[in-house]
Structures are given as structure tokens and as C-alpha cells.
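# Turn this into a model:
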Amino acid sequence: MKTIIFRLILLIIISPILFSCNQPDKVRIIFDTDANNELDDQFALMYLLANGSSFDVEGVTVNATKSGGDIREHYDEAQRVMQLAFSYDKVPLFKGADGSFEEISSTLDDANYDGKAAVDFIVKEANERNRNDLVVLAVGKLTNVALALKKDPSIASKMKVVWLGSNYPKPGEYNQDNDTVSMNYILNTKVPFEMVTVRYGEPSGTDAVRVTQAEINTRMPGMGPKTTKPITGRHGGEFTTFGDYAVSLFEHIDYHGDPPSRALFDLVSVAILKNPNWGEIKEIPAPILIDNQWVERPENSRKIALWENFNRDAVINDFYLSLSNYRIVKPKL
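Numbers count the residues shown, from 1 in each chain. Below you'll find the predicted structure:
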């Protein structure tokens, strides 16, 4: 009898330890976004914040691209989504670069250079070596990330950059074109770099992960946490759930294709960090962009990872599931 009691007590003591050891580590992440550009950033940010069992969100940094206004407007849009996810004032939000890497990189010793708050935050978090290495998920231009690497090159060995951008191996793409110099700078560093391809009009890129307005109008109303204090949306109106705000965003956007639809590019980059099986990844020698054309460097010892061929249904269905059974990320402040 004493032996049985002893074994039960031992089981009670060690079970939590064994359970903890079997739990996968959360992805420690900074989300770098041009939040006010269109609408996929908002979907990606909400998806990230609703997956607290998968992600440890250290903070959100914003940058300004040519659409969506200045840095304040991108900050405000990120704030709206974070308020709807009960995360504003709990997860840090920082203003990053209005300008380009080329314009800012020579000013990094100035007291208040463009993008300082976001850049300093990335550097600080990358140097926090007492936890899992950092993933910087960039879904806009790469200015903030490149500036952080220039300011403190040592962080290249302490973090990984996952970037939603590029039509590689074809030229063009919005995030890439907003600051090609920052992208080339990162391609020539040693930081682990994964490129989540866009590939407009092709089935192999995130452009193929699409939803129609009718689908959003059917699935999204009322989804997500419900706030007691409504937010005022980008296009006016008041909203207490992200689902209702999503319907508004889809009312003020252009559509493409047959049937008319919108790609949720940035959402895919969060999804493949949650479940890598929802895309295909391969390693390639790091190319370089010259005169808006990709130049291969087959002898380059510097390798990067390329993501393509995404499982559209798995990604979209998990987004809906995450908003129906949300687990908001834990506060960082």
C-alpha cells in the first residue's frame, strides 16, 4: 500500500514536468508591418495575436510604405487591431522607419533618427539570449530589419528573418520595390533569411491564398474577442470585433481575378511559422537584385530559404478556427 501511495505522489510531482517538456516551444516573434497599406496585414496581426499557444509576441513594429500614409497612420491601424485583440498596452507597439534604408543608414548615431524606436527594440530583443532565438516576421519593406542589422551586426547570429515579399525569380513586388536596398543589404549579411514568395497571378505564391468578399461577409461577422469599448475603423464606423472590422475593410478594397477576390499574403507568413507543413521550403544560394532583375549567384556560400506552394484551404480554415477558439497572446508589459 505504501508503495502504491509513493508512486501516486511521484506521478503527481513529475507529471507537470513531463507535460511541460513535451510541449513545443512557442515561436518568439516580432511582427514588422506596414499595417495601413491594404488589409492582409490586419488579418495577419489578428491571427498572430489570437494564437497565444503558438506564439510569444515580443512586440509589433511598423514602417511606412508608399500606400497607407505616414508612419502615424500605420501605427494607428496596428493599434486598432491590437485593441480588438485585447493586446494594445499589453504587447509593445513601436514606430519604425518612414524613409528608406539608404536615407537613414548614415544617421544611426543620431539621437533621434527615423525609425529609432523600432530599430532599437529589434536590437534589444535579439540580444535577449536567455530565451529562444528571435524570429522577426517582416510583412512590409525590410527597412527596420536592415537598420537593426547595421546598427548591431552581432544580432545576425541571434535571430532569424522571415519576410513576406518578392516574386522571385521574377522581378517586382510591392514590399520589395519599397526598399530594394534594404533587401540586398540583408541578402549580403549572415542572418538566417526565409523569403515567403508572393508571385502575383501564379499558383505557387501567397497570391494564390485568396478569399472573396462573399466569403468574408458570410464567415467573419462577430468573429474574435468582443471589446467593451469600440474602435473607430480606418474608413469610419465603430467595431467591437475584428470580424466586423474585417467586413468593413473588404468593403473598401479593389478586387482581382475570376471570381473577384483578394489575396491574404501576410496571413500565410504567420501560418507557415505555426505549421511549416502548410508550405514547401527549399534552400538556394542567396541571389541579388540588380536593376530590378534577380541575378543568381550559384557559387554563393550564403544560403537562404524560399517558401512556395502553400495550402490555401489549411491556412484559411485555421484562421477561422483561431478566431473562433482564440488564445490571446500573454501580455509583455
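# helix, strand or coil for L323?
Counting by DSSP: H, G, I helix; E, B strand; the rest coil, the backbone at L323 sits in helix.
# what sits against it?
Each residue near L323 by C-beta atoms under 8 Å, 6 or more residues apart in numbering is listed here: 46-47, 50, 223-224, 242-243. In short, each C-beta sits where N, CA and C put it, glycine included.
# Of those, which is the most crowded?
F242 (31 neighbours; other C-beta atoms under 10 Å).
# Excluding sequence neighbours, find me the nearest residue to that residue.
Leaving aside its sequence neighbours, F242 sits nearest to G224 (C-beta to C-beta, 6 or more residues apart in numbering; 4.0 Å).
# What does the pLDDT read for the closest residue in space to S157 that isn't next to it in sequence?
Of all residues not flanking S157 in the chain, K190 sits nearest, at 7.0 Å (C-beta to C-beta, 6+ apart). If you check K190, the pLDDT there is 96.
# got it, and E128?
So, for E128, pLDDT stands at 89.
# just checking, it touches L134?
Yes. Under the criterion of C-beta atoms under 8 Å, E128 makes contact with L134 at 7.5 Å.
# Settle it for me: which of these two has more neighbours?
L134 (22 against 13).
# how about the strands of the stretch 151-300 of the chain, start to end?
159-164, 193-196, 210-211, 231-232, 238-239, 262-263, 280-285, 288-290, 293-295 (DSSP state E, counting those that start in this stretch).
# The fifth one: partners in the sheet, and parallel or antiparallel?
Next to strand 238-239 in the sheet, as set by DSSP bridges, lie strand 231-232 (antiparallel).
# what's the average pLDDT for the partner strand?
98.
# For it, which outside residues touch it?
Contact with strand 231-232 is made by 80, 83-84, 238-240, 245, as judged by C-beta under 8 Å, 6+ apart.
# try 7 Å
Residues outside strand 231-232 that contact it (C-beta atoms under 7 Å, 6 or more residues apart in numbering): 80, 83-84, 238-239.
# With stretch 88-95 instead?
Counting by C-beta under 7 Å, 6+ apart, residues outside stretch 88-95 touching it are 57, 59-62, 71, 75, 78-79, 82, 117-118, 121, 329, 331-333.
# Same check on stretch 57-65?
28-35, 37, 45, 48-49, 70-71, 74-75, 78, 82, 91-98, 118, 121-122, 125, 140-141, 143-144, 178, 329, 332.
# which stretches of the stretch 201-333 of the chain aren't confidently modelled?
Where the stretch 201-333 of the chain drops to pLDDT under 70, the residues are 333.
# which stretches of it form helices?
213-219, 242-251, 265-274, 312-324 (DSSP state H, counting those that start in this stretch).
# looking at those helices, which is buried most?
helix 265-274 (a mean of 27; mean count of other C-beta atoms under 10 Å).
# helices and strands around that helix, which ones?
Where contact means 3 or more C-beta pairs under 7 Å, 6 or more residues apart in numbering; DSSP states H and E, helix 265-274 is packed against helix 40-49, strand 134-138, strand 159-164, strand 193-196, helix 312-324.
# Using CSV, list the CA coordinates for the last one.
What follows is helix 312-324, C-alpha atoms only, in CSV (Å, rounded to 0.1, in the frame of the first residue of the first chain):
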residue,chain,number,x,y,z
ARG,A,312,-4.7,27.6,-49.2
ASP,A,313,-7.6,25.8,-47.5
ALA,A,314,-5.5,24.7,-44.5
VAL,A,315,-4.3,28.3,-43.9
ILE,A,316,-7.7,30.0,-44.3
ASN,A,317,-9.6,27.3,-42.3
ASP,A,318,-7.0,27.7,-39.4
PHE,A,319,-7.6,31.4,-39.5
TYR,A,320,-11.3,31.0,-38.9
LEU,A,321,-10.7,28.3,-36.3
SER,A,322,-8.2,30.6,-34.5
LEU,A,323,-10.7,33.4,-34.3
SER,A,324,-13.5,31.0,-33.1
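# just the angle between that helix and helix 242-251, please?
Helix 312-324 runs at 130 degrees relative to helix 242-251, counting by axes from the mean of the first three to the mean of the last three C-alpha atoms, to 10 degrees.
# Please tell me how far the nearest residue to N300 once chain neighbours are set aside sits from S301.
Distance criterion C-beta to C-beta, 6+ apart; nearest residue to N300, sequence neighbours excluded, is P285 at 4.0 Å. The gap separating P285 from S301 is 8 Å, by C-beta to C-beta, to the nearest Å.
# Looking at these two, which is more packed in?
Taking neighbours as other C-beta under 10 Å, P285 and S301 compare with P285 leading, 13 against 7.
# quick revisit: just the contacts of stretch 57-65: which are in strands?
Using DSSP state E, the members of the contacts of stretch 57-65 that fall in strands are 28-33, 93-95.
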